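**Q** Predicted structure and sequence below. I'll ask about it afterward.
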Amino acid sequence: MNHRTTLQILSLAAVVTVLWACDDEFGLDPDLDCSDECEQECSLERQFDFDSYEPTCSDVDQGPQFCGLSEAEDCIDPDFDVEEITVADIHEALEAEEISCEWLVRQYLDRILWHDFYIGDELAPLNAFLHLNEEALQTARTLDGYQRCEGELSGALHCVPFGIKTNFGSREVPVTNGSLAFEGTQTQFDAFTVERLRQAGAVMIGSTTMDEQAAGAHGLAGRSGRTGNAYDRTLNSGGSSAGSGVGVAANMMVAGLGTDNCSSLTIPASYNGLVTLRSSHQLVSTDGIFPSNRLDAIAGPLTRTVEDLALFLNEMTAFNPHYGPHCTVDEIEREEDYTAFLDEEGLQGKRIGILEAVREDPDDEEADERIAFSGATGEVEDLYEDFFQDLSDLGAELVYGVELNHLPLQRRSSGSGYDTDRFLESTTGGPSSFVDACDSDLFSKWVYEDREACYDRAEQSRRNLESRLDSGFEQYEANRAYVEAMMDELDLDALIYPADRRGTAHSRYAWSMCILASVTGLPTAVVPIGHANGDRPVGMSFTGRMFDDGLLLQMIYAYEQATHHRAPPSMHELPGPPPIDIDQFHAIGYEAGRAAFEEVLGINETKHDLTERVFYDIVHHILEERDLQDLLPE
């Protein structure tokens with residue numbers, strides 16, 4: 001079928017107008033490229049060309065001199081607290097010349113250098129970041145020059161610090177996929193989503209920790225060791241986008257990018273008091289991200305507010321003519337501006353189903369099932385009741401007892417090894433293929449028991465690739481049709497259920513309800529609904545119909561604005577300049593990850609043997625050897 005459409009992607013940072021005609025016989029190949037079939041040249045007219053911009057004004061007026069960046073006696077010490085700030089707060093302060101971009105980025109880097117390996121309270125560290133971007137301050141200075149010379153901000157995300165999970169390709173930091181086997185791997189490009197954010201003026205501050213190979217929801221990896229929960233470092237951080245969730249929650253950046261196959265955005269959001277959107281499948285391009293599974297891979301942001309979430313989605317959902325799935329334009333619906341859905345009355349008249357269970361066959365006791373509200377304490381159950389009442393008070397009509405009783409819950413997979421080889425072809429410094437990585441013997445035992453298991457994984461992902469993709473997509477389309485038909489029958493706008501069936505984080509396992517979104521590709525948003533079990537955040541999932549992403553934002557925004565449940569975690573005070581620099585930070589992080597691998601993860605098949613106390617001892621030894629008393633207990 002020949003598809004033709006016109007799409008205009010508008011932002012303050014870039015204006016992209018694309019006309020394309022594209023034959024798509026199968027819609028599964030990420031290499032399918034529409035860019036050569038544009039009826040006119042595909043142009044990118046940027047207000048701010050980040051890579052080549054040079055200030056056009058005189059250097060005489062450098063603007064205010066801020067303390068920490070200037071030794072001038074009359075330097076300005078900004079009365080500006082970065083904790084819980086939003087995109088709007090940053091832009092208001094910049095336009096009022098209360099701060100500079102360089103000053104702001106320095107504040108965030110200092111917070112990371114202080115907080116990330118701090119164990120002065122005798123708990124294991126947060127350990128949210130892997131590599132800090134040594135170009136971030138220069139980027140900030142460039143943005144300051146632009147604002148000073150042009151008299152305006154460069155884009156919708158001008159000077160907004162964000163981090164990327166260490167499976168996103170970036171020219172500025174390595175990509176590891178959480179594994180020592182990929183240590184040193186460097187792409188020569190930015191992932192499409194990272195490039196979009198850079199064009200909008202955002203500052204990539206560093207890469208964040210993740211579960212190794214994205215295989216888990218616990219923040220455990222051979223490259224980084226253990227990531228701690230922002231609210232209680234003895235608890236599960238959530239994963240696999242662990243560092244992105246923890247880093248945003250702990251106010252070490254404004255937003256963090258993550259990926260999700262099942263729970264990797266929704267659980268970190270729930271456990272760390274954040275909002276996220278696991279978007280409709282293929283809405284966001286995954287081009288330039290370390291491959292996982294074409295059938296359910298999603299990329300998306302984690303933020304503290306729904307408005308910031310919408311601003312990041314505006315850039316990340318842009319059409320990518322070099323990404324095969326985006327050529328199937330009759331199937332992918334994107335909004336021009338997700339902030340248009342931010343309506344405080346957004347729950348008025350919505351009909352919302354409370355999902356009690358998903359199961360394959362109610363008549364088969366052996367069939368797989370997930371009971372949505374099982375395992376919660378009485379305190380959490382009370383929180384759920386308050387949440388339901390809030391929805392009703394805000395104008396929603398609730399439908400109790402919704403069950404999906406005939407939904408196949410088996411996740412399909414395809415393409416990871418084959419796609420990994422193609423990804424690695426365009427990188428330097430690391431393994432040249434999946435098999436090369438297997439030969440290193442640097443995967444944790446719980447990822448691959450031995451080298452042969454790694455080889456088997458590499459081979460399985462190549463075998464019958466096209467047929468596995470075809471059958472997987474067919475099954476997921478059938479699953480989606482079943483769920484949407486049930487929603488149609490009940491006239492529902494969304495289904496709601498806890499992101500974790502027990503509500504809050506625990507020390508080890510996550511009881512995620514991610515399977516519904518994973519096997520259907522339906523969009524799912526998460527919003528905090530309060531705290532329980534010792535001030536632990538609780539997140540609720542909203543699942544909608546395909547490409548109803550904007551409608552989900554509308555509902556969670558209305559709830560957020562009425563309740564304001566987001567509360568920051570308690571952090572120690574910063575007594576002065578950080579005790580370590582970026583090079584020392586990198587060295588400590590590598591040593592800690594390597595020791596965790598050699599002492600636990602590389603020899604034990606049970607990853608949870610890397611407990612909070614074991615990792616505390618590892619980091620304590622490293623800091624003590626370096627005599628970093630400011631980060632150690634007194």
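**A** Here it is on my side, so go on.
**Q** any idea of the mean pLDDT for stretch 432-444?
**A** The average pLDDT within stretch 432-444 is 95.
**Q** no, scratch that, I was asking about stretch 305-322
**A** On average, the pLDDT along stretch 305-322 is 95.
**Q** thinking in terms of the whole chain, how far from its middle is that stretch?
**A** Distance, stretch centre to chain centre, for stretch 305-322: 12 Å (C-alpha atoms, centre = their mean, to the nearest Å).
**Q** repeat for stretch 304-313
**A** Between the centre of stretch 304-313 and the centre of its host chain there is 12 Å, according to C-alpha atoms, centre = their mean.
**Q** how about the most centrally placed residue in the chain, secondary structure?
**A** In the chain, the centroid-proximal residue (C-alpha atoms, centre = their mean) is residue 258; its distance is 2.1 Å. Three-state call for residue 258 (DSSP: H, G, I helix; E, B strand; the rest coil): strand.
**Q** my guess is it meets residue 267, correct?
**A** No - assessed by C-beta atoms under 8 Å, residue 258 is found out of contact with residue 267, at 10.3 Å. No exception for glycine: its C-beta is placed from N, CA and C like everyone else's.
**Q** Please enumerate the strands of the stretch 251-400 of the chain.
**A** Taking DSSP state E, counting those that start in this stretch as the test, the strands found in the stretch 251-400 of the chain are 255-260, 275-278, 298-303, 351-359, 369-371, 397-404.
**Q** And the first one, what does it pack against?
**A** When you say that, I think you mean strand 255-260. strand 161-165, helix 242-249, strand 298-303 (3 or more C-beta pairs under 8 Å, 6 or more residues apart in numbering; DSSP states H and E).
**Q** give me every residue that touches residue 231.
**A** Contacts of residue 231 were listed using C-beta atoms under 8 Å, 6 or more residues apart in numbering, and they are 249, 271, 272, 273, 505, 535, 536, 537, 569.
**Q** now residue 345
**A** Residue 345 sits next to 395, 558 when contact means C-beta under 8 Å, 6+ apart.
**Q** same deal with residue 83?
**A** By C-beta under 8 Å, 6+ apart, the residues touching residue 83 are 251, 568.
**Q** quick one: which helix or strand includes it?
**A** Using DSSP states H and E, residue 83 falls within no helix or strand.
**Q** Could you give the backbone dihedrals for residue 622?
**A** Backbone dihedrals for residue 622, given as degrees, to the nearest 10, come out at phi -70, psi -50.
**Q** Quick check: it vs residue 221, distance?
**A** According to C-beta to C-beta, to the nearest Å, residue 622 and residue 221 sit 17 Å apart.
**Q** Kindly report the same for residue 270.
**A** To residue 221, residue 270 is 20 Å away according to C-beta to C-beta.
**Q** which of these two has more neighbours?
**A** residue 221 (37 against 32; other C-beta atoms under 10 Å).
**Q** Could you double-check that that one sits in contact with residue 183?
**A** No - judged on C-beta under 8 Å, residue 221 makes no contact with residue 183 at a distance of 11.6 Å.
**Q** quick one, what contacts the closest residue in space to residue 536 that isn't next to it in sequence?
**A** Once flanking residues are discounted, residue 536 sits nearest to residue 504: 3.8 Å by C-beta to C-beta, 6 or more residues apart in numbering. Listed by C-beta under 8 Å, 6+ apart, the contact set of residue 504 reads 271, 380, 532, 533, 536, 537, 538.
**Q** got a winner among those residues for most neighbours?
**A** Neighbour max across the contacts of residue 504 (other C-beta under 10 Å) = residue 271, 33 neighbours.
**Q** What pLDDT is listed against that residue?
**A** 98.
**Q** Pull the contacting residues for it.
**A** Residue 271 is in contact with 229, 231, 235-238, 245, 500, 504-505, 536-537, 539, counting by C-beta under 8 Å, 6+ apart.
**Q** circling back to that earlier point, can the contacts of residue 504 go into CSV with extra columns for distance to residue 333?
**A** CSV is the format used below for the contacts of residue 504 (distance: C-beta to C-beta, whole Å):
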residue, distance to residue 333
271, 31
380, 36
532, 37
533, 39
536, 36
537, 32
538, 31
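**Q** And the furthest pair within those?
**A** Comparing all pairs in the contacts of residue 504 by C-beta to C-beta, the longest separation belongs to 271 and 380, at 13.2 Å.
**Q** before we move on, the earlier item: let's see which of the contacts of residue 231 end up in helices.
**A** 249, 271 (DSSP state H).
**Q** Which one of the contacts of residue 231 is nearest to residue 611?
**A** For the contacts of residue 231, the nearest to residue 611 is residue 505 (14.8 Å; C-beta to C-beta).
**Q** low-confidence ranges in the stretch 301-450 of the chain?
**A** Where the stretch 301-450 of the chain drops to pLDDT under 70, the residues are 328-330, 414-415.
**Q** Repeat the analysis, applying 80 as the threshold.
**A** Counting by pLDDT under 80, the stretch 301-450 of the chain shows low-confidence ranges at 324, 326-331, 413-417.
**Q** now do the chain
**A** Ranges of the chain meeting pLDDT under 80: 1-52, 54-56, 58-64, 68-74, 324, 326-331, 413-417, 459-467.
**Q** and the residue of it positioned farthest from its centre, which of the three is it?
**A** Taking C-alpha atoms, centre = their mean, the residue of the chain most remote from its mean C-alpha position is residue 73, at 41.8 Å. At residue 73 the chain is in coil, as set by three-state DSSP.
**Q** quick one on the thing from earlier: let's have the contacts of residue 231 in JSON lines, adding distance to residue 324.
**A** Listed next are the contacts of residue 231 as JSON lines, based on distance: C-beta to C-beta, whole Å:
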{"residue": "249", "distance to residue 324": "35"}
{"residue": "271", "distance to residue 324": "34"}
{"residue": "272", "distance to residue 324": "33"}
{"residue": "273", "distance to residue 324": "36"}
{"residue": "505", "distance to residue 324": "37"}
{"residue": "535", "distance to residue 324": "45"}
{"residue": "536", "distance to residue 324": "41"}
{"residue": "537", "distance to residue 324": "37"}
{"residue": "569", "distance to residue 324": "41"}
